[in-house]
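**Q** model this:
(chains A and B)
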Amino acid sequence: MQRMVIQRIWIGLATLWVVSVMVFIMTAALPGDVAAIVLGQSATPESLAAYRAERGLDQPLVFQYFGWLGSLMTGDLGISKAGGATISSLIAGRLYNTMLLAAIVAVISVPVSVMLGLLAAMYPGTWIDRVLTFGTLSLISVPEFFIATFMVLILAVKLQWLPAIANISGDETYLELLRGLAMPLITLIIVVAAQMIRMTRAGILNVMNSPYIEMAILKGVRRNRIILRHAFFNTIGPIVNVIALNLAYLVSGVVIVETIFAYPGLAKLMIDGVQTRDLPLVQACAMIFCGTYVVLIILADVAAILANPRLRNPK
Amino acid sequence: MTKSKDNLPTIDNVSVEDRVTIETGLRRGATRREVMSWLVASGATIAVAGSIVTSAKKALAATPKKGGKLKFASDLHGPSDTLDPGLNTSTIDYTRSRSMYNSLCQINDDLSTRPELAEEYSSNESVTEWTFKLRKNVKFHDGSNFTADDVLYTMSRHYGDKSTSTAKPLVADVKEWKKVDSHTVKAIMSSPNADLPVILGTPQFKILKDGTTDFQKSVGTGPFVTTEFKPGQRSLHKRNDHYWRDGANVEEIEIFAITDKVARTSALLSGDIDLMQALDPKAIRQIESTDGVGIWSVASGAYFGICAMTHTSPGNNPDFVKALQYIQRREKIVKSVLKGQGTVGNDHPINIAYGADHCQELPQRTHDLDKAKFHLKKSGITSAELNVAEVGPGMTDICLLAQREAQKIGLDLQVKKVPNDGYWGAIWMKTPLNVVTWNMRPTANVMINLAFAPDAPWNDTLWNSKRLGKLLVESRGVTDLAKRHEMYCEMQRLISVGSDEFPPSGMVIPAHRNYLDAKSDKIEGIGRMPLGSLGGYEWPEFAWRTDA
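**A** Just a heads-up that it's a prediction; the model follows:
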């Protein structure tokens, strides 16, 4: 068991390293550099050269990579090529905001969707199941920017109940924070919950076809008990993985929601970084996102192993 | 219910010249009846005239109220946001700098200047030496006194190989900044320049404290003290209570950006922000039909251009360029693409917003397919590829319109859409046919010098007119207004029409766009200086809330 976890951590670290090389190469391959972007239309050859020399952009790429990797190991994320501020200071607040949003969404959506998924699986074919299936399928097919924009139009512009933007700064009261976060939260909960409900339902119904469930049915066990005692624990593996992927999405992939609500999160920062060719910033964000995925997937694996003795003792 | 929602025009809707006439008239004591009769005489209905006069009187009568908070959303921000004026390149930067610093001279709505940190300034006869007498009793936010050393330090940042200033070329003709005494500085020119005060009023020349290298702190003399600055997130500016003149009206300004234009408009409509930069022309109707908000549109010299590079085919063929100019449906572009928020262009950059330097004598080029066909035939060119990025709102539509007109004269104009990302480095000035947008510059001379001078690094079409170069330099030393106008007229003719010996610049400039922004009706005191968004970023010191 311990060995398996350690093995997974090593695989995770290797993944991170491969990603670091890829991120570095790909960001370097982007056309135009930070000097050209920052100085924009008003760049002259001299001002470009001065800008590059000032920020060490004229050194060979390999040097830049190992320098970066070295300082990354020591926790130093470097200095933003664009603004001159340290990247950790740029990221800190943003990471907190992103985690805050992700955490609230997770706390609400995970239990609710697992329960709703179970409910749908317990009574397949009934009106509960149909309503849930219809609802989740419709919501999965509607893009999140549509949900978000539509809500802004109704709740902020027409009814003026909620603010149209969520540019939180850290010094608002809990009530203001809640009002500001309401719409991004609803949007994200809708998006991730729909998927998790579907997956829970499908996972359980899939297990319901296996021979040991048939055995339990023949033994005369009640259907609800079968689902909660036998089927659910065998489905935890796939469900936890879907949850992990959705949580990782909440950290890295919510850029649309962040843009529409002007929410100062990490994904938005990365896009800004790409626009200004601020490579160290893009790299740092990419590594954080990749790290989040790796950690969450390792946790999901461990949870799956704990829930399923068969995985603990492989043949 | 505000008057503007009756869909009658207000003083904000009339042309620049008409507005000046009306406002001056009212200020000088003309009665409502008199002003209305002028308007009716020039073709307005009674209702329209009444609405205009009412709104004009209201605007004049209002006295600013103190207090309140103002939220401004720009369209772009990011980690590269900076409070270093020398590196400022975006509206959000300029606005922050305007609230935190002062300039030596301040630019008026008509592009003349008035004293700011320099209480007096004058040049010698030949305009080779400018003397600036600095205001005393001005203090920086940290309490230190403002002196000539601060000016010298600020200016030194715009010179030398190590300078990353984006406005370096603008002051290249100042040979030396000299301290005369603690509150007097002299600019010794290498060549005459009558426009120096206007140039010093532009954003990059905000006055810093001597020795400033850390721009995270608030180190200006300006009407607001920056209390929080998070690049790409937001900044807060508190009213400076020790300001050297009247001072700001609002207590606090919050500046940030909402990059999504729909989201930005929604935020204004829902009342979450008070001022927004860069309104999508498509949203004009939505804004105008909603109570409590309105558009803020200021005619400016900012322009859209199609650049035909003059060193290569097809741009090196003047007949091809002429064909391209004659197929432009200028009126339609202003009406449909810019939704009325612009003025027609005459294939040179100096429109009416530049005031006296605009050449009204130059005939306006119109849509003329016969002439276009004639020139195209003469050029022998039948197809061309135009690289288009949406460098300004409407650029692509302008090119698509040109493509349709080109078909009518037998020109296969392929419009190739390219991403904005990396456009300035890879496409602009590199491909034979491309597009450009320029913001208005403080003077006609600076504008032409930046984009048309023979040695200009940003000469859009690599056009080389020695004559224009000579006129540019000579006109800077001319103080006689009639002679100056004549010289500027010749420059505009050279760019647009060319001369007998030299072809024109290869620029097609079908339209100038207004700065189109929007604001809550609760905010007053936004100016009309045409050099940038929301009255040339000048508003922080003067804006006020009607509900304060």
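**Q** and residue 218, what pLDDT?
**A** Defaulting to chain A. Per-residue pLDDT puts residue A:218 at 92.
**Q** I was thinking of chain B, sorry if that wasn't clear
**A** 78.
**Q** next one: the one 10 residues further on
**A** We have a pLDDT of 92 for residue B:228.
**Q** same thing with residue A:273?
**A** The score at residue A:273 is 79. That number is its pLDDT.
**Q** Excluding sequence neighbours, find me the nearest residue to it.
**A** residue A:281 (3.7 Å; Cβ to Cβ, 6 or more residues apart in numbering or on different chains). For the C-beta atoms, the positions are set from N, CA and C on the backbone; glycine is no exception.
**Q** any idea which element that neighbour lies in?
**A** helix A:279-307 (DSSP states H and E).
**Q** so what's residue B:508 bridging to?
**A** For residue B:508, the beta-bridge partners under DSSP bridges are residue B:306.
**Q** before we move on, what about the one 4 residues further on?
**A** With DSSP bridges as the criterion, residue B:512 is bridged to residue B:303, residue B:343.
**Q** rewinding a little: report the buried residues of the helix holding residue A:281.
**A** For helix A:279-307, burial by neighbour count (16 or more other Cβ atoms under 10 Å in any protein chain shown) applies to A:279-294, A:296-298, A:300-305, A:307.
**Q** pLDDT of it, averaged?
**A** 86.
**Q** and that helix, what does it pack onto?
**A** Using 3 or more Cβ pairs under 8 Å, 6 or more residues apart in numbering or on different chains; DSSP states H and E, the elements in contact with helix A:279-307 are helix A:2-29, helix A:61-73, helix A:87-122, helix A:232-252, helix A:266-275, helix A:309-312.
**Q** Run the chain-centre distance for that helix.
**A** 9 Å (Cα atoms, centre = their mean, to the nearest Å).
**Q** Tell me what angle that helix forms with helix A:232-252.
**A** Taking axes from the mean of the first three to the mean of the last three Cα atoms, to 10 degrees, helix A:279-307 and helix A:232-252 form an angle of 170 degrees between their directions.
**Q** Show me what from the stretch 51-200 of chain A comes close to chain B.
**A** A:51, A:54, A:80, A:82-85, A:90, A:93-94, A:149, A:152-153, A:156-157, A:160, A:163-165, A:167, A:169 (Cβ under 8 Å from any Cβ of the partner chain).
**Q** Which of the residues you listed fall within helices?
**A** A:51, A:54, A:90, A:93-94, A:149 (DSSP state H).
**Q** Include pLDDT and neighbour count when you put those into TSV, please.
**A** Shown next, in TSV, are these (pLDDT from 0 to 100; neighbours: other Cβ atoms under 10 Å in any protein chain shown):
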residue	pLDDT	neighbour count
A:51	75	20
A:54	72	14
A:90	81	29
A:93	84	18
A:94	87	23
A:149	89	17
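**Q** what's the farthest-apart pair in those?
**A** Greatest spacing in those, by Cβ to Cβ: A:54 and A:149 (41.4 Å).
**Q** State the pLDDT value of residue B:252.
**A** Residue B:252 carries a pLDDT value of 96.
**Q** Return, as residue ranges, the portions of the stretch 51-200 of chain B with sub-threshold pLDDT.
**A** B:57-61 (pLDDT under 70).
**Q** please redo it, this time with the cut-off set to 90
**A** Residue ranges of the stretch 51-200 of chain B with pLDDT under 90: B:51-64, B:75-82, B:86-90, B:108-113, B:125-126, B:160-173, B:191.
**Q** Would you map the strands across it?
**A** Counting by DSSP state E, counting those that start in this stretch, one finds strands in the stretch 51-200 of chain B at the ranges B:69-74, B:105-107, B:113-115, B:118-123, B:129-134, B:174-181, B:184-189.
**Q** quick one, the longest one and strand B:184-189 angle?
**A** Orientation check (the same axes, to 10 degrees): strand B:174-181 against strand B:184-189 gives 160 degrees.
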